[in-house]
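J.: Predicted model and sequence follow; I will ask about them next.
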Amino acid sequence: MKLGVLSSNYKHTAVEIREKLAVPENQVKDLIAYLKRAGDLGEVMVLSTCNRVEIYFQAENPIKAIDKVEQGLFDFLALEESIEIGVHMSRAFGRDALEHIFRVTSSLESMVVGEPQITGQIKDFFHLSVEAGGCGFLLNQVFNRALLTAKRVRNETAIAKFAVSISFAAVELAKRIFDDLSDKTILIIGAGEMAELAVANLLKAGCSHLLVTNRTFSRAVSLAEKFNGSAVRFEQMDKNLEAADIVISSTGAKSFILSRPMIDGAMKRRKQRPMFLIDIAVPRDIDPEINDVSSAFVYDIDDLQNVVDSNMKVRELEAEKAQVIIEEELDSVDNWRATLDVVPTIKNLRDEVLGLAQLEFDKAMAQMGELTGKQERTLRAAVNGLAYKILHQPTVMLKQAAKDSNHKGQEYSAMLNELFDLKTEEQEHTPNKVIKLQ
């Protein structure tokens, strides 16, 4: 396959270098045109995210072309020599390049395995490249298949079903405690970034209301307005505990802010309805003895990290299943690619046989005089049915020969071309728009 990949990503390139390589979205189309000229490439697609900058391309000889592609990228970005020295871009060709694309699209190469953002980013840059005239027959097929593979990975594995961030872990634990989050109220104590993320995800998960308290009341007001919640004065926090189903605390206090007596009183007023307390502060804000209070559940940062670590192990196991899917899809592409050389012969043979069938049908119609509609349909079905039966076996044999041995497929194709005096001109494969694999 005339496919090459040039990649700089978080695994082997420092962020300060990736920043220099990043391609602004409004320059992607210009870069594609520039690389096509500089590298004498047939097709080009560019991907630029915070974790990777990659160039996917088609060339007659991608191994020879890749140096020009890399230098073309540096020239387009006007990188200085001192920066170029620190740049490391990995290279892959043929099936290795295809596997890399499938793994990237399926998020197996992401910093957080299973994250969904990369698939959407691939789609966006794919369409940008199509609009720029960068994607022709090969990259069209490759990325449609890559996106189908990513869909299979997401549907057939649990790679994205387990939380791998502290904020999502809080949501996962909340769902274990409460059957339904739609009517639950959150009380956030402090205004830490991690607590804010947890709040955002809990609200997305269905929690209906937010209360915010902070020693500096203005900060509480600001955060409450951001999430359409209500600010509570810090000295009135105890009175508002009764309403809180989920408490998230993230302050810089030197000692516990929530004590067991405070929660004992709140739980009595709540009539022992469950309360979920998340302590994201270090030092801790919530007295761990509160776990002994009936229906009160306290989790600190280590508990949440344990959930994340456990889920990461699950994702790693699911990634192995995803790799099996990728191998299946790579084999499918190999089979498709093996038949490409014989497709023109199959098409020309089909046109030839069906053309002869049409001629014989027209002759028969002229000799038989006027027929009923049913008789005409019966005759047409008989003629076409015979033509398709004649075509079936050579078509199957030609495709199978191409899959088993490209040399054998070419021999069969040449023989059919000679026997039936078929056209041998090279077929134009490049579509004008995005196509989808069957």
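T.: On my side now, so go ahead.

J.: With adjacent residues omitted, what lies nearest to Ile55?
T.: Once flanking residues are discounted, Ile55 sits nearest to Leu6: 4.4 Å by CB to CB, 6 or more residues apart in numbering. All C-beta atoms are positioned from the backbone trio N, CA, C, and that covers glycine.

J.: The one you found: neighbour count?
T.: 24 (other CB atoms under 10 Å).

J.: does it count as helix, strand or coil?
T.: In three-state terms, and counting by DSSP: H, G, I helix; E, B strand; the rest coil, Leu6 is strand.

J.: can you pull up the bridge partners for it?
T.: Beta-bridge pairing for Leu6 (DSSP bridges): Ile55, Arg91.

J.: close enough to count as contact, it and Glu70?
T.: Yes. Look at Leu6 against Glu70 with CB atoms under 8 Å: they come within range, at 5.7 Å.

J.: Name the residues contacting each of the two.
T.: Met89 (CB atoms under 8 Å, 6 or more residues apart in numbering).

J.: In contact with Asp180: list those residues for me.
T.: Applying CB under 8 Å, 6+ apart, one finds that Asp180 lies in contact with Gly206.

J.: roughly how far apart are it and Glu99?
T.: From Asp180 over to Glu99 the distance is 43 Å, taken as CB to CB, to the nearest Å.

J.: same check, this time on Phe76
T.: Distance from Phe76 to Glu99, counting by CB to CB: 27 Å.

J.: So for the two, which sits in the more crowded spot?
T.: Ranked by neighbour count (other CB under 10 Å), Phe76 and Glu99 place Glu99 first, with 19 against 16.

J.: hang on, that one in a helix?
T.: Yes. Per three-state DSSP, Glu99 lies within a helix segment.

J.: Near the residue nearest to it when sequence neighbours are not counted, how many other residues are there?
T.: Distance criterion CB to CB, 6+ apart; nearest residue to Glu99, sequence neighbours excluded, is Leu330 at 6.0 Å. Counted with other CB under 10 Å, residues neighbouring Leu330 total 16.

J.: SS state for Leu330?
T.: Recorded secondary structure, Leu330: helix (three-state DSSP).

J.: just Asp183 next, same as before
T.: Classified using three-state DSSP, Asp183 is coil.

J.: for it, what are its contacts?
T.: Residues in contact with Asp183 (CB under 8 Å, 6+ apart) are Ser208.

J.: try the one 5 residues further on
T.: With CB under 8 Å, 6+ apart as the criterion, the residues that contact Ile188 are Ala195, Glu196, Val199, Leu210, Leu211, Val212, Thr213, Leu223, Val247, Ile248, Ser249, Ser250.

J.: Out of those residues, which sit inside strands?
T.: Members of the contacts of Ile188 lying in strands (criterion: DSSP state E): Leu210, Leu211, Val212, Thr213, Val247, Ile248, Ser249, Ser250.

J.: Highest neighbour count among those?
T.: Highest neighbour count within these: Ile248, with 31 neighbours (other CB under 10 Å).

J.: List the beta-bridge partners for it.
T.: Beta-bridge partners of Ile248, as defined by DSSP bridges: Ile188, Ile278.

J.: How confident is the prediction for it, by pLDDT?
T.: On pLDDT, Ile248 comes in at 91.

J.: which residues touch it?
T.: Counted by CB under 8 Å, 6+ apart, Ile248 has contacts Ala170, Ile186, Leu187, Ile188, Ile189, Ala195, Ala198, Val199, Ile278, Ile280.

J.: Not counting residues beside it along the chain, what's closest to the third one?
T.: This points to Leu187. Ala244 (3.6 Å).

J.: And that neighbour, how far from Ala266?
T.: Distance of Ala244 to Ala266, given as CB to CB: 8 Å.

J.: Overlap in contacts, the two.
T.: Met275.

J.: got any ranges where the stretch 101-250 of the chain has weak pLDDT?
T.: 163 (pLDDT under 70).

J.: What are the boundaries of the helices in it?
T.: Along the stretch 101-250 of the chain, counting by DSSP state H, counting those that start in this stretch, helices occupy 117-131, 137-156, 166-177, 193-204, 217-226, 237-240.

J.: Out of those, which is closest to Asp404?
T.: For those, proximity to Asp404 was assessed by CB to CB; helix 137-156 is nearest, at 21.6 Å.

J.: Show me what counts as buried in that closest one.
T.: 137-150, 152-154 (16 or more other CB atoms under 10 Å).

J.: Next: stretch 101-121.
T.: 101-110, 113-115, 118-119, 121.

J.: how deep is Phe74 tucked in, by neighbour count?
T.: Using other CB under 10 Å, the number of residues around Phe74 comes to 17.

J.: again, but for the one 4 residues further on
T.: Other residues near Ala78 number 8, with proximity taken as other CB under 10 Å.

J.: Also Phe162?
T.: Using other CB under 10 Å, Phe162 has 19 neighbouring residues.

J.: follow-up on the earlier one: mind listing what the residue nearest to Glu99 touches?
T.: Arg95, Leu98, Glu99, Phe102.

J.: How confident was the prediction at Met1?
T.: Met1 is given a pLDDT of 69.

J.: go on, the one 10 residues further on?
T.: What the model reports for Lys11 is a pLDDT of 88.

J.: The one 10 residues further on too?
T.: On the pLDDT scale, Leu21 is placed at 90.

J.: correct me, but it touches Ala78?
T.: No. In terms of CB under 8 Å, Leu21 does not count as a neighbour of Ala78; the distance is 11.8 Å.

J.: how far away is the residue nearest the centre of the chain from Lys29?
T.: Closest residue to the average C-alpha location of the chain: Thr119 at 2.0 Å, with CA atoms, centre = their mean. Separation of Thr119 from Lys29 (CB to CB): 22 Å.

J.: Looks like Val112 contacts Ala160 (just checking).
T.: No. Counting by CB under 8 Å, Ala160 is not a contact partner of Val112; they are 9.9 Å apart.

J.: Next up, the contacts around the spatially closest residue to Phe217 that is not a sequence neighbour.
T.: Spatial nearest neighbour of Phe217, chain neighbours left out: Arg233 (5.8 Å); criterion: CB to CB, 6+ apart. Going by CB under 8 Å, 6+ apart, Arg233 touches Thr213, Phe217, Ala220.
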